[in-house]
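Novice: Just need the structure, nothing else, for what follows:
(one chain, ligands or ions: 1)
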Amino acid sequence: MTFAKGILSGKTAVVTGGATGIGAHIVRQLGRLGASVGIVSRNEEKLRQAVNSFREEDDLEVCWRSADVRERDAIQKAIEELATELGGIDILVCNAAGNFICPTEELSVNGWRSVIDIDLNGTFNCCQSALPHLKRSAEGGRIIAISTTAANFGWPGAAHAGAAKAGIQNLMKSLAVEWGRYGIRANWISPGPIAGTEGVDRLILQQGMAEQVKKSIPLGRFGEGEDIANAVVFLSAQTGNYITGAELAVDGGGQWQRR
Ligand code: NAP
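Specialist: Residues are numbered from 1 along each chain as shown. Prediction:
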């Protein structure tokens with residue numbers, strides 16, 4: 001345990017894409033530290049499995065709704081229902097995303113649109129839907145978007161995701177300014193490659209790039225889901241009180257190697 005037990009007691013959090021990968025690590029860590037957590041994504045089977053494993057392995061009761069972040073009415077309804085069940089939303093983690101490798105020359109309009117829609121438009125939908133609840137948060141609502149260090153450069157082979165994540169980062173800067181008057185902090189975390197995730201499996205391991213990528217990371221390893229979860233806790237707790245519109249890169253220093 002890296003933080004004082006109970007550091008998030010009384011807080012409520014919604015994590016999009018919280019059933020799998022990095023999102024599930026975030027859910028476990030928020031829950032272990034005292035927050036009541038709800039998750040939302042599309043696949044009901046994955047949601048049920050995740051909720052069972054949170055209960056069995058961590059003794060956490062996590063509520064859930066199934067919705068697509070691209071569908072405004074559906075995601076707004078899901079967030080509304082989660083807020084009712086949780087008793088509010090203090091922390092919104094926009095983690096849901098889609099991605100695939102494809103050279104831009106061959107990228108279909110649908111492929112481009114789909115990733116922009118899930119990552120960027122989905123983040124906008126979730127932020128606006130959660131706003132009434134974040135405004136009411138006693139110690140100031142928190143929005144934490146999960147971006148990627150690749151958004152700070154071009155992302156050859158995944159220009160759709162790079163553009164969407166860069167858009168998310170810019171959105172967080174605007175929200176930090178516009179919603180600061182409501183006490184809301186809007187920040188983003190930029191992970192480097194995180195071990196054991198679908199993303200690393202498809203985008204790095206299956207492309208035969210594991211060793212090359214590890215060599216490009218000054219700390220010499222992929223990150224762990226818990227590294228990202230701890231950064232979310234830091235921004236969610238009082239430790240994040242005076243931080244807004246900021247990037248927290250959690251990447252073992254990898255992005256500096258690319259300059
Ligand atoms: P993941 O396991 O594939 O998680 C993505 C989650 O988003 C899934 O639970 C998925 O659930 C949900 N999702 C996808 N499309 C959705 C939609 N339209 N509506 C609602 N939910 C949707 O991926 P991950 O690797 O843990 O990545 C999590 C986040 O970290 C992403 O934002 C990713 O860009 C970022 N990131 C990851 C890495 C890495 O190394 N893995 C590095 C940098 C950044 P359903 O399919 O059931 O909807």
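Novice: which residue ranges form the strands in the stretch 1-150 of the chain?
Specialist: Secondary structure of the stretch 1-150 of the chain by DSSP state E, counting those that start in this stretch: the strands cover 12-16, 36-41, 63-66, 91-94, 142-146.
Novice: how about JSON lines for the ones you listed, with distance to residue 29 added?
Specialist: From N, CA and C alone the C-beta is placed, and that goes for glycine too. Shown next, in JSON lines, are those (distance: least, Cβ to Cβ, whole Å):
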{"stretch": "strand 12-16", "distance to residue 29": "10"}
{"stretch": "strand 36-41", "distance to residue 29": "10"}
{"stretch": "strand 63-66", "distance to residue 29": "17"}
{"stretch": "strand 91-94", "distance to residue 29": "11"}
{"stretch": "strand 142-146", "distance to residue 29": "12"}
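Novice: how about the helices in the stretch 101-250 of the chain?
Specialist: 109-115, 122-135, 159-178, 198-200, 210-215, 225-236 (DSSP state H, counting those that start in this stretch).
Novice: what's the closest of the ones you listed to the ligand?
Specialist: helix 198-200 (2.9 Å; Cβ to the nearest ligand atom).
Novice: ok, residues contacting the closest one?
Specialist: In this structure, residues lying in contact with helix 198-200 by Cβ atoms under 8 Å, 6 or more residues apart in numbering are 20, 21, 99, 193, 194, 222.
Novice: For it, list every residue counted as buried.
Specialist: Neighbour-count burial for helix 198-200, counted by 16 or more other Cβ atoms under 10 Å, picks out 199, 200.
Novice: when you scan that helix, is anything in it near the ligand?
Specialist: Yes - Helix 198-200 lies within reach of the ligand by Cβ under 6 Å from any ligand atom, at 198, 199, 200.
Novice: shaky segments in the stretch 151-259 of the chain?
Specialist: Counting by pLDDT under 70, the ranges of the stretch 151-259 of the chain that qualify are 259.
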